[in-house]
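> Structure for this input, please:
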Amino acid sequence: MKKVMFLCTGNSCRSQMAEGFARDLGKGLIEAHSAGLTPSRVQPRTIEVMKEVGIDISSQKSKAIDEDLLKQMDVIVTLCGHAEAMCPMTPPEIKKIHWPIDDPVGAIGTEEEIMKAFRKARDEIKGKIGRLINKLRSN
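Model prediction:
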């Protein structure tokens, strides 16, 4: 079982989606965690768009980075430039991956336009999780 940590700024959207997909799609392969540089709360729209694809993340909480836990990971995935730049130093044996995904939390427009931005991020993350799972299975 590979331990994977997903990091972003607020641990409110992208990293929460990634954790949810990794738990669901990576059952038996990935022990998923997420955290943020400045944790806040899981965005209600994040929960809503994940429910649309059958994944319930409503019990997930926004968490700060635990440096001890971070050092236990096999893989660390940053989902924004801020998290990539500010991620605490980790041992060189931990694989680091960066997925630059636009933050839908800042989307503006009608409710449908905002939800479209959340769905776009969700679908992009799902694809990347699928590729990560395939890569972990082949190692």
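
> CA only for contacts and neighbour counts going forward, please
Fine.

> got the buried residues for whichever strand or helix holds residue 121?
In this assignment (DSSP states H and E), residue 121 forms part of helix 111-138. Along helix 111-138, these residues count as buried under the neighbour rule (16 or more other C-alpha atoms under 10 Å): 114-115, 117-126, 129, 132-133.

> Mind picking the two most distant members of those residues?
Using C-alpha to C-alpha, the buried residues of helix 111-138 reach their maximum pairwise distance at 114 and 133, which is 28.8 Å.

> Go ahead and confirm residue 49 touches residue 122.
Yes - if you go by C-alpha atoms under 8 Å, residue 49 and residue 122 touch, sitting 7.4 Å apart.

> would residue 77 count as being in a helix?
No - assessed with DSSP: H, G, I helix; E, B strand; the rest coil, residue 77 is strand; it does not lie in a helix.

> Next up, the contacts around it.
Neighbour list for residue 77: 4, 5, 6, 7, 96, 97, 98, 99 [criterion: C-alpha atoms under 8 Å, 6 or more residues apart in numbering].

> switch to 6 Å and redo it
Residues near residue 77 by C-alpha atoms under 6 Å, 6 or more residues apart in numbering: 6, 96, 97, 98.

> again with residue 72
For residue 72, counting by C-alpha under 6 Å, 6+ apart, there are no contacting residues.

> on that earlier part again, scan the contacts of residue 77 and report the most crowded one.
Neighbour counts for the contacts of residue 77 (other C-alpha atoms under 10 Å) peak at residue 6, which has 27 neighbours.

> Tell me the bridge partners for that residue.
Bridge pairing for residue 6 (DSSP bridges) gives the partners residue 34, residue 77.

> do you know how far it is from residue 22?
10 Å (C-alpha to C-alpha, to the nearest Å).
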